[in-house]
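> Turn this into a model:
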Amino acid sequence: MAIQSAGCRSPVVEGKKKTYGTRSVFLFCSGHDVESPHYHPLEACIGGAHSRRWIPIEKRPKWPSRATLSPKELAVHGVLFDDLTEDDFNWKSADPVPPYNMVRNVLDMNAHFGGFNSALLEAGKSVWVMNVVPTSGPNNLPLILDRGFLGVLHDWCEAFPTYPRTYDLVHAEGLLSIETAKQRRCSIVDVFFEIDRLLRPEGWVILRDMTSLIETARTIAARLKWEARVVEIESNSDEKLLVCQKPLIKRRSYPS
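Residues are numbered from 1 along each chain as shown. Below you'll find the model as predicted:
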């Protein structure tokens, strides 16, 4: 084994020294939202070093009281306290349609501020909620994380990274409007196929959207052999609920 003397220097080490020597000043990312890196090219900068969201751990309230942020904390996200209260009340005032004793894992495909998660929490439901913020809409993921909820950014034109039949309940408010407002590279049918993959047999789907989109969604649900019904919303005549249940298809046995 060759032993390098103290007077000799490795060319690899010298190369690294020259590389780091040229970066005497590290640049911080600017000009775009560093909280939304989805489909953004890599840059030679550091992001999040001066985030206004940073709060010392000893000053953070304990969960679940952390789910209700103060007006000062909401101002960091550009959200008014009344907007958060309205989003929470939207689902606290709604009667649960499916039997929640059969629900354990919940997927919110368009979580907004996490109001559906908050409603389940206040109702004392023992469920696990994954809050998804679509990349086609506004990025509220930092707010969801600051409330102590689980969340992730995702493009619903792609497969969601989880096992099939993971969720007992799939919820989406306004997702169809977001997906159809822009020229997307996928259709609503593709989104429904992905929901069918993620949903366990006898699982539930709750969609809330404009009446025309709900009628289109009901047609697609019928093609998937889901049991579906449309529910009127008393407080809003322009929107409707679509409540679906995925059937359990038993394997047919043939006589020997």
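
> Can you get me a residue count around Leu145?
16 (other CB atoms under 10 Å). Bear in mind the C-beta positions are built from the backbone N, C-alpha and C, glycine included.

> Now do the SS call for it.
What DSSP: H, G, I helix; E, B strand; the rest coil gives for Leu145 is helix.

> Report pLDDT for the nearest residue to it once chain neighbours are set aside.
Nearest non-adjacent residue to Leu145, counting by CB to CB, 6 or more residues apart in numbering: Gly151, 5.8 Å away. In this model, Gly151 is scored at 94, pLDDT.

> Look up which residues are beta-bridged to Gly151.
Asn131 (DSSP bridges).

> how about the most centrally placed residue in the chain, what does it touch?
What sits nearest the mean C-alpha location of the chain, by CA atoms, centre = their mean, is Val132, with 0.7 Å. Val132 sits next to Leu107, Asp108, Met109, Asn110, Ala111, Gly151, Val152, Leu153, His154, Phe160 when contact means CB atoms under 8 Å, 6 or more residues apart in numbering.

> I'd guess the first one is in a strand, am I close?
Yes. Assessed by three-state DSSP, Leu107 belongs to a strand.

> so how many other residues sit close to the residue nearest to it when sequence neighbours are not counted?
Residue nearest to Leu107 in three dimensions, not counting chain neighbours: Tyr167, with 4.3 Å by CB to CB, 6+ apart. The number of residues packed near Tyr167 is 24, by other CB under 10 Å.

> likewise Phe113?
Residues within reach of Phe113, counting by other CB under 10 Å, total 24.

> and it, how far is that from Ala221?
27 Å (CB to CB, to the nearest Å).

> ok, now Asn131?
Asn131 sits 23 Å away from Ala221, going by CB to CB.

> okay, these two: which has more neighbours?
Asn131 (26 against 23).

> what sits against the more buried one?
Neighbouring residues of Asn131 by CB under 8 Å, 6+ apart: Asp108, Ala111, Gly114, Asn117, Ile144, Phe149, Leu150, Gly151, Val152.

> Buried subset of those residues, written for PyMOL?
Filtering the contacts of Asn131 down to the buried ones (16 or more other CB atoms under 10 Å) takes a single PyMOL command:
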select buried, resi 108+111+114+117+144+149+151
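
> okay if I get the contacts of Asn131 as a markdown table plus distance to Lys72?
Shown next, in a markdown table, are the contacts of Asn131 (distance: CB to CB, whole Å):
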| residue | distance to Lys72 |
| --- | --- |
| Asp108 | 26 |
| Ala111 | 23 |
| Gly114 | 18 |
| Asn117 | 22 |
| Ile144 | 18 |
| Phe149 | 19 |
| Leu150 | 24 |
| Gly151 | 22 |
| Val152 | 26 |
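
> Arg184 - nearest residue in space that isn't next to it in sequence?
Nearest non-adjacent residue to Arg184, counting by CB to CB, 6+ apart: Cys157, 6.0 Å away.

> In contact with that neighbour, which residues are there?
Neighbouring residues of Cys157 by CB under 8 Å, 6+ apart: Arg184, Arg185, Cys186, Asp190, Val191.

> With that, I have no additional questions.
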